[in-house]
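Student: Give me the fold of what follows.
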Amino acid sequence: MIGETAPYRDATPAGPDAFSGHNTKRTGSLVARSPAARELVMHPVVLGVCDRILGTNSTSYQLHLTQVIDIGPGEPAQYLHRDQWAWDMFPFPTGFEVEISTIWAMQDFTEENGATRVIPGSTTWPNDARPTHDDTEPAEMPLGSVLIYTGSVFHGGGANRSDGRRIAVNIDYCLGWLRQEENQYLSCPPEVARTLDPALAKLVGYSRAAYALGYFGDTQDPMEALHPSGGSHGFGALPTQRA
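Tutor: This is a model prediction of the structure:
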């Protein structure tokens, strides 16, 4: 996957602010650009976690974002934050998880090269908490490992004090009734989505969620836009109609 995404990473500018990282590149559109990334998106262990956590709060979940995070030497530690703040810092009830985040290590993660720092147990902290570096633990892990955490966990990229770049793949999932952070319909347009396995295309967002979210035209299923016989008309079942 490092090779597949290299041309795109080379063309990606560094972040415009301290939070994004002035020496950090964030390369997206991975479903369209990288067949290897598709395997990570659909990894059964990760989807099993999504089923268990997100599946209790919604009838569906979807791909939220995909990006290669490439942290350069000398980049300071990222501001500690919650990923679920993407939704205007909406105060979701404590224990009501709306997002599952993953960080796949494309090389060994060490404290020196900027391993992601997490605060175990911070899911119950208030939004206005002011965590410090001393509250965090580095997610040190070998190449090929994955860190899985919910959107309510305080975390941040670590400081890269090495002389090399720290490369990881960030893939997140969210409830089907929330807006995706990465616009998947531009990142993975219909002409690309129709070449994907239907299960992946649906996870990208070419599916209906809840009762009536995501239809097009005359209440058509988005899969019908990809494959003429791939969907159906009408809405989903009302909550009172579900088994």
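Student: Need the residue closest to the centroid of the protein.
Tutor: The chain has residue 172 as the residue nearest its centroid, 1.6 Å off, counting by C-alpha atoms, centre = their mean.
Student: Look at that one and give its secondary structure.
Tutor: strand (DSSP: H, G, I helix; E, B strand; the rest coil).
Student: and the residue nearest to it when sequence neighbours are not counted, what helix or strand is that in?
Tutor: Distance criterion C-beta to C-beta, 6 or more residues apart in numbering; nearest residue to residue 172, sequence neighbours excluded, is residue 64 at 4.0 Å. The C-beta positions use only the backbone N, C-alpha and C, and glycine is treated the same way. Residue 64 belongs to strand 61-71 when assigned by DSSP states H and E.
Student: so how far is that strand off the chain centroid?
Tutor: How far strand 61-71 lies from its chain's middle: 4 Å, per C-alpha atoms, centre = their mean, to the nearest Å.
Student: Repeat that for stretch 122-130.
Tutor: Its chain's average C-alpha position is 21 Å from that of stretch 122-130, according to C-alpha atoms, centre = their mean.
Student: Check which residues of it are buried.
Tutor: Using 16 or more other C-beta atoms under 10 Å as the test for burial, stretch 122-130 gives 122, 123, 125.
Student: With stretch 100-108 instead?
Tutor: 100, 101, 102, 103, 104, 105, 106.
Student: which residues sit against that stretch?
Tutor: Outside stretch 100-108, the residues that touch it by C-beta atoms under 8 Å, 6 or more residues apart in numbering are 1-2, 40, 46, 49-50, 53-54, 61, 68-69, 83, 113, 116, 139, 141-151, 153, 166-174.
Student: Flag the shaky bits of the chain, pLDDT-wise.
Tutor: Where the chain drops to pLDDT under 70, the residues are 230-243.
Student: Recalculate using a threshold of 90.
Tutor: 1-3, 58-59, 208-212, 218-220, 227-243 (pLDDT under 90).
Student: which residue ranges form the helices in it?
Tutor: Using DSSP state H, the helices of the chain run over residues 2-11, 30-33, 35-41, 44-53, 184-187, 190-193, 198-204, 223-226.
Student: what helices or strands is the fourth one leaning on?
Tutor: With contacts defined as 3 or more C-beta pairs under 8 Å, 6 or more residues apart in numbering; DSSP states H and E, the packing partners of helix 44-53 are strand 99-105, strand 146-150, strand 166-175.
Student: what do you get if the cut-off is 6 Å, keeping everything else the same?
Tutor: strand 99-105 (3 or more C-beta pairs under 6 Å, 6 or more residues apart in numbering; DSSP states H and E).
Student: in stretch 216-224, what counts as buried?
Tutor: Going by 16+ other C-beta under 10 Å, stretch 216-224 has these buried residues: 221, 222, 223, 224.
Student: How is this protein partitioned into domains?
Tutor: For the chain, automatic domain parsing gives the domain ranges 2-207, 212-243.
Student: Which of these has the highest mean neighbour count?
Tutor: Highest mean neighbour count among these (mean count of other C-beta atoms under 10 Å): domain 2-207, with a mean of 17.
Student: how long is that one from one end to the other?
Tutor: 30 Å (C-alpha to C-alpha, to the nearest Å).
Student: ok now it, how far from the chain's centre?
Tutor: The answer for domain 2-207 is 4 Å, by C-alpha atoms, centre = their mean.
Student: Give me the phi and psi for residue 158.
Tutor: phi -80, psi 170 (degrees, to the nearest 10).
Student: In this structure it contacts residue 113, no?
Tutor: No: using C-beta atoms under 6 Å as the test, residue 158 is too far from residue 113 to be in contact (7.9 Å).
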